[in-house]
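Novice: Below are the sequence and a predicted model; questions follow.
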Amino acid sequence: MTSGVGAPTRASISARTLRTDRWWLPPLLTNLGLFAFVAYATVRSFMGKWYWIEDYGYLTPFYSPCLSESCLPGSSHFGTPLPELPGWIPLGFVALPFLLGFRLTCYYYRKAYYRSVWQSPPACAVAEPHASYSGETRLPLIVQNAHRYFFYVALLVSVVNTYDAVVALTHGLGVGNLVLLTNVVLLWAYTLSCHSCRHIAGGRLKHFSKHPVRYRAWTFVSKLNVHHMRLAWTTLGTLVLTDLYVMLVASGAISDLRIF
């Protein structure tokens, strides 16, 4: 190595790190959390059942929007412009790739999986195993620059999820409605707390006083942005819990408690 900790101007230390604390624990927990979500989301996306409850209007976000003729009757809130799909294509394939791209290119998630998965570096004062670093200037990391465009699609999907939650309210109010609404509110908070949203709201402005509306928007997004990491993890949890609740009710494992 001719750079980083192996540079000739750095002290020659054979040990990877002199830290004696459990520096490896945060990367490990991050890996476990990301793996658990990816595993669950993959299985549920390809399961193809227990995603819609006609009596209550509950539609899991993993299958929204459902635009294929393969979708259960009533679950396609925006029609079925697509023909029946083979089993190896998830019914929510229209939105899922863009949401995955939005999360993968998210500034927080970059930090999370750069450190935990690629170990670049895994922790402060711990040498990374890579001999060189090219930054985000070539494939595959150059795709990170498309984050803003994934953000635009994520906004649209948040609108769709909001519509789904509102449609469910026309069937009455139950615990499932509260679950759907909580998930939607947190998804909006995560999406709007995005660094790209903050830049869109107030980036490149030299005089905030001349743009009071954008300044207020930038201030609001900046306050959300402080909690971006917490919202990134919280929304992974609410997505799983929302889908799990709909699946359990749809399969008959539990009953939805109706308020009215």
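Specialist: Nice, thanks for sending it over.
Novice: Quick check: residue 172 vs residue 257, distance?
Specialist: 11 Å (Cβ to Cβ, to the nearest Å). C-beta here means a position set from N, CA and C on the backbone, and glycine is covered the same way.
Novice: Looking at the two, which is more packed in?
Specialist: Applying other Cβ atoms under 10 Å to residue 172 and residue 257 shows that residue 172 carries more neighbours, namely 14 against 10.
Novice: what's the more buried one in contact with, if anything?
Specialist: 56, 258-260 (Cβ atoms under 8 Å, 6 or more residues apart in numbering).
Novice: please redo it, this time with the cut-off set to 7 Å
Specialist: 258, 260 (Cβ atoms under 7 Å, 6 or more residues apart in numbering).
Novice: Equivalent analysis for residue 31, please.
Specialist: 116-117.
Novice: Can you identify the element that follows the helix or strand where it lies toward the C-terminus?
Specialist: Using DSSP states H and E, residue 31 sits within helix 25-47. Where DSSP H and E defines the elements, the next helix or strand beyond helix 25-47 is strand 52-53.
Novice: what pairs with that following strand, and is each one parallel or antiparallel?
Specialist: Under the criterion DSSP bridges, strand 52-53 sits next to strand 58-59 (antiparallel) in its sheet.
Novice: Give me the mean pLDDT for the strand it pairs with.
Specialist: The average pLDDT within strand 58-59 is 98.
Novice: C-terminal to that strand, what's the next element?
Specialist: Toward the C-terminal end, the helix or strand that comes next after strand 58-59 (DSSP H and E) is helix 96-104.
Novice: How far does that following helix sit from its chain's centre?
Specialist: For helix 96-104, the distance from its own C-alpha centre to the chain's C-alpha centre is 7 Å (Cα atoms, centre = their mean, to the nearest Å).
Novice: can you state the direction angle for it and helix 25-47?
Specialist: 170 degrees (axes from the mean of the first three to the mean of the last three Cα atoms, to 10 degrees).
Novice: got the contact list for helix 96-104?
Specialist: Outside helix 96-104, the residues that touch it by Cβ under 7 Å, 6+ apart are 45, 90, 109, 150-151, 153-154, 157.
Novice: switch to 8 Å and redo it
Specialist: 45, 62, 90, 109, 143, 146-147, 150-151, 153-154, 157, 232.
Novice: Tabulate the CA atom coordinates of it in PDB.
Specialist: Taking C-alpha atoms only, helix 96-104 is exported to PDB below (Å, rounded to 0.1, in the frame of the first residue of the first chain):
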ATOM      1  CA  LEU A  96     -39.200  -1.500  -6.000                       C
ATOM      2  CA  PRO A  97     -36.100  -0.900  -8.200                       C
ATOM      3  CA  PHE A  98     -36.400   2.900  -7.800                       C
ATOM      4  CA  LEU A  99     -36.900   2.600  -4.000                       C
ATOM      5  CA  LEU A 100     -34.000   0.300  -3.800                       C
ATOM      6  CA  GLY A 101     -31.900   2.800  -5.800                       C
ATOM      7  CA  PHE A 102     -33.000   5.600  -3.500                       C
ATOM      8  CA  ARG A 103     -31.900   3.700  -0.400                       C
ATOM      9  CA  LEU A 104     -28.700   2.500  -1.900                       C
END
